[in-house]
Structures are given as C-alpha cells and as structure tokens.
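Peer 1: Just the structure for this:
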Amino acid sequence: PYGCTKFRVSMFPVADLKSCTVRGMGDHCYVVVEDAQWNVNINQAQVNTIVDRFENTSIGPFPGQGIWDLDTAHFGDPPDNLDQDPRVYILYYDFDVASDGFFWGFDQECDDVSQFHSNECDVVYMNCSDFDPAGSYLLAVLAHEFEHLIHFNYDQDELPWVDEGLAELAM
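Peer 2: Below is the predicted model of the structure:
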C-alpha cells in the first residue's frame, strides 16, 4: 500500500536483493514485508498487530507502552545519522539462516563503504516463516533486536555478552 522498494539483505557472504513492500506504518516504524511472503506467512491483520505492539501496547507490567517506548526509555534512542528518517524499518522475510531476527551493523554505513552491502537505514530483520510474526514470541524477538539497534548507537564495541544480556532484558 505504501509503495515497493528493494531491500538488499546482507548475510555472509553475499547480499540478496528482495522485492519488498511497506505494509504498515506507525509514528516510529515501517513494517516491510518480502512480497513473496505476503498472504503466505504474513498478512495485513498481523502487520496491524505488529505496528500496534511496536507503537502502543505490550504484554506484561506496562500494557500502555509499546516496544518503542519501553526500549527507548531503558536503553536510549536508535541511531538516525545515515537516513535522517525517524522511523525504524522492520523487515519481515523468509530467512535462509537459522535465526528468528537480527540487526546488521553494516546497515549503519553507506553502501559499498565496507566489504558488505548496506540498506543505509535503521532496520531490524525478522523471520516470518517459522513462527507467527505477530505472536508473543516474535514480538519479544523484535524488542530484542531493536535493543541491538539502539545499543549500536552508543557502544559499537560492547562485549557481546553484555549486549545480548540487555537485549534479553528488552524482551
């Protein structure tokens, strides 16, 4: 509904171009879905739930706050130096790696600056093929990966166990 874009998904060792479309938008996010997964592993009702949970509501002790509010209140603001867009891209596609979500630090650099390609935006990647994209588990993974994006803004050289511990807390 918001137009098509091509996302370059960088995983070792090569980048993969995926045809994707923005299927939802909130004050702080775009929900982008690989076109081949639309109405296969993710649909509009799930996208609407993801936007609502990222922006407005959550399970647990703070139901009136979404992932954005909870993570930014505890960990700080995500980076916004490269794309100058206040929204975070949440990209759902069928992963070809064993993961439910990830943050790719090379997306914070201009494309072709390093050995890997960049989407040149603040993006977290979510797998839509193994679990319900709008279910409690993957929403917790989204909070986890969003913490990694935020943490990158403050300490790119953090020990992995510290960053992982904070991301688990974000869940």
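
Peer 1: C-alpha from now on. contacts and neighbour counts both.
Peer 2: OK.

Peer 1: Show me what the helix or strand residue 126 falls within pairs with in its sheet, parallel or antiparallel.
Peer 2: For residue 126, the element it lies in under DSSP states H and E is strand 123-127. Here strand 123-127 has these sheet partners by DSSP bridges: strand 88-93 (parallel), strand 101-103 (antiparallel).

Peer 1: Now mean pLDDT too, for these, in JSON lines please.
Peer 2: Converted to JSON lines, the strands paired with strand 123-127 look like this (pLDDT from 0 to 100):
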{"stretch": "strand 88-93", "mean pLDDT": "93"}
{"stretch": "strand 101-103", "mean pLDDT": "85"}
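
Peer 1: Buried deepest among those, which one?
Peer 2: When you average the neighbours per residue for each of these (mean count of other Cα atoms under 10 Å), strand 88-93 leads with a mean of 23.

Peer 1: Identify the residues contacting that strand?
Peer 2: 28-34, 37, 121-129 (Cα atoms under 8 Å, 6 or more residues apart in numbering).

Peer 1: sorry, back to before: and the helix or strand just after the strand holding residue 126, what does it pack onto?
Peer 2: Counting by DSSP H and E, the next helix or strand C-terminal to strand 123-127 is helix 136-154. Packing contacts for helix 136-154, counted by 3 or more Cα pairs under 8 Å, 6 or more residues apart in numbering; DSSP states H and E, involve helix 67-75, strand 101-103, strand 123-127, helix 160-170.
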